[in-house]
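>>> okay, predicted coordinates and the sequence, questions at the end:
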Amino acid sequence: MAKGPSHSVPFRRRRDGKTDYKSRRALVLSELLRLVIRGTSRHIITQVIEADVIGDKVVVSVNSRELREKYGWQGACGNIPAAYLAGFLCGYRAVISGIKEVVLDIGLQTPSPGARVFAALRGVIDAGVVVSHDAGVLPDKSRISGQHIVDYANQLSANPDLYQKAFSKYLSGELRPEQLSEHFSSIKEKIVSSFGRE
């Protein structure tokens, strides 16, 4: 390990690969609240965070698990449609809280066009929050509604074994994968109506 007066040890979170302090500094200096989107293998977490000297303060937070618990979402909570709905719900809560503009913070995630993080971003934007972005990274409407899952289910329906294996979790519940797009639209309408909007 290097030693000496000119050697400086990086911050622990930088050493652990959890925080890029150069990017964080730029986001904080923007003086806008940060839209932080993180994904796990099963859920999407969307938060609006205010930086503070003492520590970050969460102003608005949505976990995609809430879609199932509060709105009756029956699909997976970690896919692109769920990411969009989580972002959409977070955006509505932000608007109700008086937040008009935020800056996107995806952390150390690779910014792949059409990824879940950008589906959530599109949900926030569609709810009425201004976020600076490149339109080319946002997934299209058919992908957001889960049409690609519906198409794949229709493709596999000719092979019952593969169909059963690929969609066993859907089939164990009340929602068939072919109904995902319609289900997505109904959940989106529930979110809108829950905030008294049309």
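That came in fine, so what should we check first?
>>> and the longest helix for the protein?
Longest helix in the chain by number of residues, with DSSP state H as the criterion: helix 80-96.
>>> quick check: buried residues in that helix?
80-95 (16 or more other CB atoms under 10 Å). (C-beta placed from N, C-alpha, C; glycine too.)
>>> remind me what the next helix or strand after it packs against, helices and strands.
Using DSSP states H and E, the helix or strand that follows helix 80-96 in sequence is strand 101-105. Applying 3 or more CB pairs under 8 Å, 6 or more residues apart in numbering; DSSP states H and E, one finds that strand 101-105 contacts helix 21-29, strand 33-39, strand 130-131.
>>> next SSE downstream of the last one?
The first helix or strand that comes after strand 130-131 along the chain, using DSSP H and E, is helix 141-144.
>>> now stretch 15-32: average pLDDT?
What stretch 15-32 shows for mean pLDDT is 71.
>>> with stretch 40-51 instead?
Stretch 40-51 comes out at a mean pLDDT of 94.
>>> hmm, who's touching it?
27-28, 33-39, 56-65, 76-78, 82-83, 86-87, 89-90, 94, 97, 99, 102, 105, 116, 120, 123-124 (CB atoms under 8 Å, 6 or more residues apart in numbering).
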